[in-house]
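A.B. asks: next come a sequence and a model predicted from it.
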Amino acid sequence: MKQEDLKNLTFETALQKLEQIVQSLEAGQIKLDDAVEAYEKAMFYKKFCEEKLNAASLKIEKIENNQAGKLELKPFDQEGENA
């Protein structure tokens, strides 16, 4: 994938391309060489999406009242939390 393509690639676009590749592979009407190339692209988009999701989850914070009664942001702890 070209560097300029990566700059403009969004999670939504990557996910859409991944879904298109999966659909074409499931249809089974692709030549073997093209299927291998499509699989390699799919793996790239999968990794890209996973990285974006992981980065987003690190940014998620929760708002709580501290002991002084003021609002503050804290990292969201998924274990033991009821959203």
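C.D. replies: That came in fine, so what should we check first?
A.B. asks: okay, now the unreliable bits of the protein?
C.D. replies: By pLDDT under 70, the weakly predicted segments of the chain are 1-4, 61, 77-83.
A.B. asks: in it, which residue is closest to the centre?
C.D. replies: Cys49 (2.6 Å; CA atoms, centre = their mean).
A.B. asks: check which helix or strand covers it.
C.D. replies: For Cys49, the host element (DSSP states H and E) is helix 32-59.
A.B. asks: mind listing what's buried along that helix?
C.D. replies: Of all the residues in helix 32-59, those buried under the rule 16 or more other CB atoms under 10 Å are 38, 42, 44-45, 48-49, 52. All C-beta spots, glycine's among them, are computed from the backbone N, C-alpha and C.
A.B. asks: same list (the residues you listed) but as TSV, adding distance to Phe76.
C.D. replies: Output for these, formatted as TSV (distance: CB to CB, whole Å):
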residue	distance to Phe76
Ala38	36
Ala42	30
Phe44	29
Tyr45	27
Phe48	23
Cys49	20
Lys52	17
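A.B. asks: and those, which two are the farthest apart?
C.D. replies: Ala38 and Lys52 (20.9 Å; CB to CB).
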